[in-house]
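> Output the structure for:
(chains A and B)
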There are 2 protein chains.
Amino acid sequence: MHPRIEAVYHVRCDAQTIEERARAIAVEQSIEMPLAAVTDDYVRSEIVGRVEDIREKEHGLFEVRITLAAETVGHDGGQLINMLFGNSSLHADVVLDDVVLPAELVNAFGGPRHGLNGLRQRVGASARALTCSPLKPQGLPAAALADLARRLAHGGVDYIKDDHGLADQAYSPFAERLETVAAALRAAARTDGRIARYVPSLSGDLDAMRRQVRLARDAGVDTVMVAPMICGFANFHRLVRENPGTAFVAHPTMAGAARIAPPLLLGTLFRMLGADAVVFPNYGGRFGYSPDTCRALARRALDKRGDLRPCVPVPAGGMSTERVPEMLAFYGTDVMVLIGGALLEAGEHLIEATRAFVTKVHRHAHGKGA
Amino acid sequence: MHPRIEAVYHVRCDAQTIEERARAIAVEQSIEMPLAAVTDDYVRSEIVGRVEDIREKEHGLFEVRITLAAETVGHDGGQLINMLFGNSSLHADVVLDDVVLPAELVNAFGGPRHGLNGLRQRVGASARALTCSPLKPQGLPAAALADLARRLAHGGVDYIKDDHGLADQAYSPFAERLETVAAALRAAARTDGRIARYVPSLSGDLDAMRRQVRLARDAGVDTVMVAPMICGFANFHRLVRENPGTAFVAHPTMAGAARIAPPLLLGTLFRMLGADAVVFPNYGGRFGYSPDTCRALARRALDKRGDLRPCVPVPAGGMSTERVPEMLAFYGTDVMVLIGGALLEAGEHLIEATRAFVTKVHRHAHGKGA
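The predicted structure is shown next:
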């Protein structure tokens, strides 16, 4: 009758004390006070976290399943992460590994508005993998970034995103960058016959991000990027709900390493809040995610989950055109391939390098008959 | 001429590769692309992160000093943490240990509006340590929390804060809780001749938090609690700037363990954004901070730093009245002592237990002649 959220923690502990440690986590993530001092029946029976299962995964590492009352969260994304991991994030021995949410809660959050199919439709793509490249480095004026965007567009890339370091800086203010890049892409579209989508990165407080979404919409830009760990879950979710026509790409910056399992945080939770696509560090790049982590993350972004639309996995972080076939073999075509630095290294041959990247992605689709 | 931010990282690495690893961090936290592909002079000379110093702290652990252009941050709190640790947070071998900020940037953020002196004035305290207790457990209706507040007030505590798990839940909606607790404290003040300050916890997106601050002000409540890691740095900073009459207590929930040094995150950064007081896990409690970490954190909250007011350190997390003398000997009297569960365990003797706690804090001040 009272729906519960099941949180799965990995706890480093010895076998003698794991039961006590598990109970302590259950208390920390619910009432945060001595159980003996709780006199209210409803609090004791419903609100206090319950240890449902403890299993030794390997020597000294336990999987602990704890259920929490869904009422403690309501429909607030910030409160969700607060109840799942808030104070326990201060304990070095605990990793939040997974969560099982009641279907009504998942559907209440609502997830992506557009998701995989919406992002394919926006660029007229069939069931092939999508392509993406970033505008960088920060420090360039808007005109230089727009010229870069123009060349990536001529090269045929689908989505051209801001580097997550681009904000509203003096050397390239958001409004000016948006105008200039959007105009460059419109001009490129007139010769190319297809338009590449600009994905500007939002920054600042909720009001600033709202203004940026509005400016984007006025400039004909319908896809934006956000960093949920920096703007806060509740604010990200609010932006998604307020802007049904806009697609949201989530960036993993400040998502920490290994203290919240990446498939859960970037796959399940970012998607549930409304990410249409989620950028994450691919294995074999600059970051330490394993192939298993990446596979799990992509599955979480795409799997059947309540009524949620699939969210596009965007493996990134030091990828190259050479790796495209391997990546598509690994992820299939329900993916957006993001290549940045490796294209930018082509310098004046950027358009050709982009074309080679894009062609490799498109060919794979046809080769597979997808 | 171009002010720079100095970030200090602790990097686990072998001696052969530390220089390369340090350069990689400098690039990751600035331009995030191959240096060879950067053609712009301004970007190369100013925007690219610079490795200024590498020092071996112990075998396999290096302290790396990197400077970043202050222009990459502007005055956006979200962008500050993004540039300091964003993508590097995804690398398990790096800890953000410290940061040295240009004075103009510190003063532009502005820090606490009220700080230590303001929080003492609000409750008519001399230069003694302040006292604080939480309302919990979540799950109780507003009336039960108000009764708890009444008894803590009769016991003489200065600040009565919501547990950080209390949000806007169905069993105790924010507005109702605020009204009921504030009324109970006003009633208690009529018999006690002094008013205890209620510190409700804000939750939700920026708009929801704004509404909550406004409701609080209308109810005569001028001190609130926020979780900067959950609402986002930019939104926390915005709330502080918008509400000059309100004091803000920062809560460490979701502040992770050990990947950003607690003195930096909770002491320096939360204060700079405007925290008048910062709650943190004291040594010897439920969390793993060492005495050294706690001392450094309290110093960071209080030290001379640009024009910033001092922020009150609030050690907490499993404290008891027995530990008051030791804590005051350790922290001095520029502190707020927060005891929760240990008081609540007193059950029907809560007022007496609170009085014993409060008396011990006040006596220490007089004993020291502070």
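> check whether stretch A:330-343 contacts chain B.
Yes. Contact of stretch A:330-343 with chain B (CB under 8 Å from any CB of the partner chain) involves A:Gly340, A:Gly341, A:Ala342. Yep, even glycine has a C-beta here, placed from its N, CA and C like the rest.
> confidence score at A:Ala370?
Per-residue confidence (pLDDT) for A:Ala370: 30.
> before we move on, the earlier item: from the residues of stretch A:330-343 next to chain B, which would you call buried?
A:Gly340, A:Gly341, A:Ala342 (16 or more other CB atoms under 10 Å in any protein chain shown).
> The closest residue to the last one other than its chain neighbours and A:Leu343: what is the separation?
When the adjacent residues along the chain are set aside, A:Ala342 lies closest to A:Ser320, with 4.0 Å between them (CB to CB, 6 or more residues apart in numbering or on different chains). The span separating A:Ser320 from A:Leu343 equals 9 Å under the rule CB to CB, to the nearest Å.
> Repeat that for A:Val94.
Counting by CB to CB, the separation of A:Val94 from A:Leu343 is 40 Å.
> Which of these two has more residues huddled nearby?
A:Leu343 (27 against 23; other CB atoms under 10 Å in any protein chain shown).
> what about that one, which helix or strand?
helix A:341-344 (DSSP states H and E).
> Same question for A:Glu56.
strand A:50-58.
> Follow the chain on from that strand and name the next helix or strand.
Immediately after strand A:50-58, counting by DSSP H and E, sits strand A:61-69.
> Just want the angle from that next one to strand A:50-58.
Relative orientation of strand A:61-69 versus strand A:50-58 (axes from the mean of the first three to the mean of the last three CA atoms, to 10 degrees): 160 degrees.
> roughly how far apart are A:Val38 and B:Leu166?
From A:Val38 to B:Leu166 the distance is 15 Å (CB to CB).
> Quick one: residues contacting the closest residue to A:Glu179 other than its chain neighbours.
Distance criterion CB to CB, 6+ apart; nearest residue to A:Glu179, sequence neighbours excluded, is A:Ala219 at 6.1 Å. Contact analysis of A:Ala219 by CB atoms under 8 Å, 6 or more residues apart in numbering or on different chains lists A:Leu178, A:Glu179, A:Ala182.
> on that earlier part again, which one of the buried ones among the residues of stretch A:330-343 next to chain B is nearest to chain B?
Proximity of these to chain B (CB to the nearest CB) peaks at A:Gly341, which lies at 4.2 Å.
> Do you have the helices of the stretch 101-250 of chain A handy? List them.
A:103-109, A:115-122, A:142-154, A:174-192, A:206-218, A:228-231, A:233-242 (DSSP state H, counting those that start in this stretch).
> And the residue of the stretch 251-370 of chain A that's closest to chain B?
Taking CB to the nearest CB, the stretch 251-370 of chain A has A:Thr253 as its residue nearest chain B, at 3.6 Å.
> how many other residues sit next to that residue?
Residues lying near A:Thr253 (other CB under 10 Å) number 23.
> For A:Ala255, I want the exact helix or strand it lies within.
Going by DSSP H and E, A:Ala255 is not part of any helix or strand.
> burial measure for it, as a count.
Residues near A:Ala255, counting by other CB under 10 Å: 23.
> With adjacent residues omitted, what lies nearest to it?
A:Met229 (5.1 Å).
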